[in-house]
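# what's the 3D shape of this:
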Amino acid sequence: MGAGIQQPAVEQGSGGNAWLDVFKVLFEPGAVFERVRSQPSFLAPYVTIMVAQIILFFVNMSYLTVAIQNQIATQAPGRPVPPAGVLVAFGLGFLLIILTIVFLISGFLLWVLVSLFGGEAKFGTLISVALYGAVPSAILLSVVGTIVLHMKGIGSMTSPQDMQPALGIDLLVPGAKGFMGAILKGINPFSIWGVALTGIGVSITHRLSKGTGYTVAVIGFVVGLLIAGSLASLGGGR
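Okay, the predicted model is just below:
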């Protein structure tokens, strides 16, 4: 795939630092992606996102437990609730595996799209772009969602689906589930911010026009939404 995955770097050229760039990408995307172009780094954003997700998982653990208990009480009365240790191991493992798969798919989609649009796609670079572009959704949206969750209170938990409060255009369609619910939930200010960052990243790292960069980012985002919606419908939603 292109130039293949390169070795991750922590210190980047031009005075940059990959760990600081995880946050700088939010307000200095041009400078960050110039550094990514010269030396891709997927380790720093990947580790930062995963650490943030692990912390938030434990912050919200009591809410998840109640949500699962209430779902079991409604759908399978009498069925024992899994021990806390099992919930932690399964929930955390599932979260980290799914996120890793999502990032790999995102990088692959960008690689395919850049190739189709005539660019010399570099998979390692595009994985880095996908990860930096995911910062608004994977970190900021998760933090805001946690705040909203705790404002609503633990009594509002009826199922694990309630762990993701409405923060996108799903606010306009209360109760939407399955395919449509996933699509609507996926369109929010943070995901749009991420699309913009991804477009900038594709354009700068592969020396493509801004229009092409944004087009690649939007198409990748739409494909991602369709995949998420399809998986949600397979999960039993309607």
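# CA only for contacts and neighbour counts going forward, please
Fine.
# quick check: pLDDT value at the residue nearest the centre of the chain.
Of all residues in the chain, the one closest to the mean position by CA atoms, centre = their mean is residue 138, 4.3 Å from it. On the pLDDT scale, residue 138 is placed at 95.
# what stretches of this structure score poorly on pLDDT?
Judged against pLDDT under 70, the low-scoring parts of the chain cover residues 1-15, 235-238.
# you'd agree the residue nearest to the centre of the chain is up against residue 49?
Yes - taking CA atoms under 8 Å as the definition, residue 138 is a contact partner of residue 49 at 6.4 Å.
# ok, now how distant is the residue nearest to the centre of the chain from residue 62?
In this structure, residue 138 and residue 62 are 21 Å apart, going by CA to CA, to the nearest Å.
# quick one on the thing from earlier: SS state for the residue nearest to the centre of the chain?
Under DSSP: H, G, I helix; E, B strand; the rest coil, residue 138 falls in the helix class.
# again with residue 118
Using three-state DSSP, the three-state assignment for residue 118 comes out as coil.
# let me see the contact set for residue 24.
The neighbours of residue 24, taking CA atoms under 8 Å, 6 or more residues apart in numbering as the test, are residue 32.
# from residue 35, how far out is it?
When distance is defined by CA to CA, residue 24 is 12 Å away from residue 35.
# now stretch 205-216 - C-alpha only, CSV.
Output of stretch 205-216 as CSV, limited to C-alpha atoms (Å, rounded to 0.1, in the frame of the first residue of the first chain):
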residue,chain,number,x,y,z
THR,A,205,0.5,15.7,3.1
HIS,A,206,-0.1,14.6,-0.6
ARG,A,207,0.2,18.1,-2.2
LEU,A,208,-3.3,17.9,-3.6
SER,A,209,-5.7,20.8,-4.1
LYS,A,210,-7.9,21.9,-1.2
GLY,A,211,-11.0,20.9,-3.1
THR,A,212,-9.6,17.4,-3.7
GLY,A,213,-8.6,17.1,-0.1
TYR,A,214,-12.0,18.0,1.2
THR,A,215,-13.7,15.8,-1.4
VAL,A,216,-11.6,12.8,-0.2
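# number the residues from 24 up from this point.
Shifting the count to begin at 24 puts that one at stretch 228-239.
# quick one: it to chain centroid distance?
21 Å (CA atoms, centre = their mean, to the nearest Å).
# how about stretch 58-76?
From the chain centre to the centre of stretch 58-76 is a distance of 13 Å (CA atoms, centre = their mean).
# that'll do, ta.
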